[in-house]
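[1] Task: produce atomic coordinates for the following.
(chains A and B)
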2 protein chains.
Amino acid sequence: MNKKAFKGFPFVEGGVCAAKGFRAGGIHAGIKAGSNPDKNDLAMICADKPCTAAAMYTTNKVQGAPIAVTREHLADGMAQAVIVNSVNANTCNADGEKKAQQMCEAAANALGLKPEDIIVASTGVIGQPLPIEPIVNAVPALAASLNDKGNAAAVNAIMTTDTVPKEAAVEFEIGGVKCRLGGMLKGSGMIHPNMATTLTFLTTDCDIDAELLREALREVVFITLNRVSVDGDTSTNDMVCVLANGDAGNPKITRENADYETFRDALYAVLMNLARMMARDGEGATKLIECLCDGAPDDKTAEIVAKSVITSSLFKAAIFGEDANWGRVLCAVGYAPAEFNIHEVRVTLGSSKGTIEVCRDGAGVPFSEEEAKTILGEEEIYVHVTIGTAGGSAIAWGCDLTYDYVRINGDYRS
Amino acid sequence: MNKKAFKGFPFVEGGVCAAKGFRAGGIHAGIKAGSNPDKNDLAMICADKPCTAAAMYTTNKVQGAPIAVTREHLADGMAQAVIVNSVNANTCNADGEKKAQQMCEAAANALGLKPEDIIVASTGVIGQPLPIEPIVNAVPALAASLNDKGNAAAVNAIMTTDTVPKEAAVEFEIGGVKCRLGGMLKGSGMIHPNMATTLTFLTTDCDIDAELLREALREVVFITLNRVSVDGDTSTNDMVCVLANGDAGNPKITRENADYETFRDALYAVLMNLARMMARDGEGATKLIECLCDGAPDDKTAEIVAKSVITSSLFKAAIFGEDANWGRVLCAVGYAPAEFNIHEVRVTLGSSKGTIEVCRDGAGVPFSEEEAKTILGEEEIYVHVTIGTAGGSAIAWGCDLTYDYVRINGDYRS
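    Below is the predicted model of the structure:
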């Protein structure tokens, strides 16, 4: 899919290696016996020096063991490297924290760092013991392989049911100095963010105060990752983290001024695009659904309505069928727990083939089914819901519900 | 599926005609041109005298026009007949209330009643004008056909994507006098009740005070219909209503005493079974999922957890695949918005083939995959989640997520 431009930031290649001073890599450690040797399952990112770091975690009460360990290691707001495996989530296992700690120790030894400098993450099946030997055995070779073009090998390693790798990076200027921020993210199921989502790793060479880095991450996650839903299930292992090494040499951002806003907008450009990619590549998905709700009394109301639309199983199935069943949009708007006048609601469906109004003042308006079919035949579908005349608005991203979602999840553990 | 016994109430045949003094019928009015003439689309129920009546309605802000009209007609707590159509929901149409009123007038004329005595309901596609002529034209023949074995024709008329008719009735004693209560319900999609659900029509010959009838309905709906979810979508047209004509001649129930409890339990026996049938026949479903949560600090917490489990798309897909992926149960328990200690959680899966513990103290325990496969091969699957040692408990009902759900909903309007 095409990336969506935002405030003119140019996209650059390189994902987590786009910013200066970051190396990455990925390897097939063989965490699952007999798995495809061409698919990596262990990734590493390493900065050239200690970084200011910030992270957000899932709000699920069940939390993967790696999250507990990473929280500890980030208590001082600093980190220098990341180790992450797919295949197994290392969650709900009695020895989970011990093994997450072992991963950090192995990475630290190989990179000449301390275990406390390492961020650890895992994704995959919940509740099966993590085979630690293949990981520990593979770490030295993985560490030796790190390089500034290693982002592709790294993103390959974090993919689970993803069908495409998800990377984005932009360039921006702070005080006349060029900076970069890039990242990678995995999908594709158990996606219903709350506070943070899925696994997302971001790197930047911009010099920024630790507190402001946390604040920017929080602000942007709420309007990007937290606005995506694939299936309504909030994962146990969600984590988003960002490392900032300051290598760009920009005047350090220490206040919430215009420079801070530029940094935050660049972060938005990257996370918004990663969020869209994640929705488009939701398990079994054939289409991205982008819902804009506006005219709301406040942004929160708009968000509740937009998320209600993109999480409706019935509407998602209708979009798969390219059926302009707008009654299901209105139904989902109607059961959203928010206050507004249903008789002011207007709904428009759109894509690159045009837009078509299907509902005004809460009631249907005649439209051409043929035109609707043409519009819904595209891969990126827009739903515009106006619920009043006030200024609140929000965008949420989801995907259609397909046969393949059922196939993928009917026997995920095998 | 077999009905589930409750407190020894014997099941009887007859659905909405099981109680004395109620006649019913159904007819193919041809609301949709060219539709199958063997499938009824218009039903009627009529009592021999004015009845004490109670109803509950969807909490969706978008409400079908028939709901507005029925609310008015039930303002005095009395009604004598029901008219209901399938195919078209008569929702989000500018002339909806006028047409719902016309349906009442036609029924009243044919039955020799006043329009205010009539409860009207519709189910089907949202946002398409209701063809009123076929309905008005069919009402005289339908009224003439009403009889005390007409429940089968009536329940046939309210089916939409239902694959089986759903009826239940029980016999109970009040003051030594035999009474009956029976009902019919439709599924099968847009099922995520809030206050009431889907369309449910109940009749009883028990003599009971109007206020107590409302109270019993409210109490029982909260722990039956409101505990079912097929797809998380709360319909715009949900309604449950009960008519009581007093024909049994029992000593009238006027206080919340043992007689009231017997009546309420009989109502529970009927609605619980209808709720289970609805879940089992959820769109595309191959299996019923019954989740019992206990050990909770209160029933509400238990309900939140049980509903979180049965609405998880990932768990529903795993049950379709007969895959004992208990990590998804724990994940759904973990993201339920309720307070408890995740490290006390225990999960058992079961069916008529036995039970198997898969998680204890929030972590996995070894189990036989072969035994799990045998258990999950059945059509009624039980999930028992214990979240502590207190006395709160709740049961919720759902179904698996299958290819057919997607097929049915990919092109529902055609």
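
[2] Which of the helices or strands spans A:Glu171?
    strand A:166-174 (DSSP states H and E).

[3] try A:Glu211
    Per DSSP H and E: helix A:210-222 holds A:Glu211.

[4] So the helix or strand following that helix, near chain B or not?
    Using DSSP H and E, the helix or strand that follows helix A:210-222 in sequence is strand A:239-244. No - applying C-beta under 8 Å from any C-beta of the partner chain, one finds strand A:239-244 separated from chain B by no less than 15.1 Å. Placement of C-beta: from N, CA and C, glycine included.

[5] try stretch A:131-139
    No - if you take C-beta under 8 Å from any C-beta as the test, stretch A:131-139 misses chain B, and the best it gets is 14.7 Å.

[6] Can you list the neighbours in contact with that stretch?
    A:27-32, A:42, A:44, A:83, A:85, A:88, A:99, A:102-103, A:106-107, A:109-110 (C-beta atoms under 8 Å, 6 or more residues apart in numbering or on different chains).

[7] From the contact counts, what lies against the strand holding A:Glu171?
    helix A:151-158, strand A:177-186, helix A:258-280 (3 or more C-beta pairs under 8 Å, 6 or more residues apart in numbering or on different chains; DSSP states H and E).

[8] Out of these, flag the one nearest A:Thr203.
    strand A:177-186 (6.1 Å; C-beta to C-beta).

[9] And that closest one, how far out from the chain middle?
    14 Å (C-alpha atoms, centre = their mean, to the nearest Å).

[10] buried set for that strand?
    Within strand A:177-186, the residues that count as buried by 16 or more other C-beta atoms under 10 Å in any protein chain shown are A:179-186.

[11] okay if I get those residues as TSV plus distance to A:Ala79 and pLDDT?
    Output for these, formatted as TSV (distance: C-beta to C-beta, whole Å; pLDDT from 0 to 100):
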residue	distance to A:Ala79	pLDDT
A:Cys179	19	98
A:Arg180	19	98
A:Leu181	16	98
A:Gly182	17	98
A:Gly183	15	98
A:Met184	16	97
A:Leu185	18	96
A:Lys186	19	92
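
[12] Among those residues, which one sits closest to chain B?
    For those, the closest approach to chain B (C-beta to the nearest C-beta) belongs to A:Lys186, at 15.9 Å.

[13] re earlier: so which of the buried residues of strand A:177-186 are also by chain B?
    Among these, none lies close to chain B by the criterion of C-beta under 8 Å from any C-beta.

[14] first to last residue in stretch A:164-184, what's the distance?
    11 Å (C-alpha to C-alpha, to the nearest Å).

[15] no, scratch that, I was asking about stretch A:231-249
    Stretch A:231-249: ends 42 Å apart by C-alpha to C-alpha.

[16] next one: stretch A:203-212
    Note: stretch A:203-212 ends 15 Å apart using C-alpha to C-alpha.

[17] ditto for stretch A:82-99
    So stretch A:82-99: terminal residues 15 Å apart, C-alpha to C-alpha.

[18] Distance from stretch A:340-353 to the middle of the chain?
    The answer for stretch A:340-353 is 27 Å, by C-alpha atoms, centre = their mean.

[19] ok, and what's touching that stretch?
    Under C-beta under 8 Å, 6+ apart, the answer for stretch A:340-353 is A:295-297, A:301, A:305, A:324, A:326, A:329-330, A:333-334, A:355-362, A:372, A:374-378, A:380-389, B:61-62.

[20] for stretch A:87-94, same thing?
    Residues outside stretch A:87-94 that contact it (C-beta under 8 Å, 6+ apart): A:31-32, A:35, A:41, A:62-66, A:96, A:99-100, A:122-131, A:160, A:236-237, B:327, B:330, B:359, B:362-364.

[21] Which ones among those residues lie within strands?
    Those of the contacts of stretch A:87-94 mapping onto strands are A:122, B:359, B:363-364, per DSSP state E.

[22] all helices for chain A, in order.
    A:65-73, A:96-111, A:132-145, A:151-158, A:210-222, A:258-280, A:299-311, A:313-320, A:326-335, A:369-376, A:403-410 (DSSP state H).

[23] ok now the longest one, how far from the chain's centre?
    In other words, helix A:258-280. The answer for helix A:258-280 is 10 Å, by C-alpha atoms, centre = their mean.

[24] Low-confidence stretches in the stretch 251-400 of chain A?
    For the stretch 251-400 of chain A, no stretch has pLDDT under 70.

[25] Near chain B, which residues of it? Just list them.
    Residues of the stretch 251-400 of chain A lying near chain B by C-beta under 8 Å from any C-beta: A:311-314, A:317-318, A:320-321, A:323, A:325-328, A:330-335, A:340, A:342, A:359, A:362-364.

[26] In the stretch 1-150 of chain A, what residue lies closest to chain B?
    For the stretch 1-150 of chain A, C-beta to the nearest C-beta, closest residue to chain B: A:Ile126, 2.8 Å.

[27] dump the residue contacts of that residue.
    Neighbours of A:Ile126 in contact, by C-beta under 8 Å, 6+ apart: A:62, A:89, A:91-92, A:236, B:327-328, B:330-331.

[28] next one: A:Ile253
    By C-beta under 8 Å, 6+ apart, the residues touching A:Ile253 are A:174, A:206-209, A:212, A:259-260, A:263.
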